[in-house]
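Participant: Show me how the following folds:
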Amino acid sequence: MKRILFLLFSVVALSGCTKNYYLVTAPMPTDIYSGSDLQQSIATVPENNSYIILGNSAKPYTYFGAVYGYARKPSKAARKTKLSKSAYLNLVFLAGHGYVSREYAAELGASSNSRGNATGSSSGSAARATSSGGTVHVKGYTRKDGTYVRPHTRSAPRRH
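Facilitator: Here you go, the predicted model:
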């Protein structure tokens, strides 16, 4: 009997430790704040754009592209979908839409170059030479180990 109670308690305790991600599409603009006090707005999610929240608190941690912060709990008018881990990992951020599935981004003609970001062009190259001849713009990408490398400019490779 004690074992069963211990196992039941363990399952209940551990189930509270999982992170629940939700995809939210609000019919009105949503402000994202730098702190949980909701005092300083750092960005606004445009209406009908999708963003991600973590958990069900009154001030959930919020992701919108490269912006991370806190937002007010979504209104009842907002569409809120709980995400499985595979669905969460299948999302990319697309300007003008928010988070969408990789398949939908492909239908729109965007190529996803990392987990969480998509570009509007269908070119798959990670680097593009500029007209200055000495620099190359590198788009953001995700390494095999999962580390995201932000877009940056570097010197052009040498040609032999």
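
Participant: Val67 against Tyr33, yeah?
Facilitator: No - if you go by Cβ atoms under 8 Å, Val67 and Tyr33 don't touch, sitting 10.4 Å apart. No exception for glycine: its C-beta is placed from N, CA and C like everyone else's.

Participant: With neighbour numbers in mind, choose between those two.
Facilitator: Tyr33 (18 against 15; other Cβ atoms under 10 Å).

Participant: separation between the more buried one and Ala58?
Facilitator: According to Cβ to Cβ, to the nearest Å, Tyr33 stands 13 Å off from Ala58.

Participant: likewise Val149?
Facilitator: Applying Cβ to Cβ to Val149 and Ala58 gives a distance of 35 Å.

Participant: now Pro151
Facilitator: Applying Cβ to Cβ to Pro151 and Ala58 gives a distance of 35 Å.

Participant: Neighbour count for the two, which is higher?
Facilitator: Neighbour totals were compared for Pro151 and Ala58, and Pro151 leads with 14 against 9 (other Cβ under 10 Å).

Participant: Could you pull out the helices in this protein for me?
Facilitator: 2-15, 85-89, 102-107 (DSSP state H).
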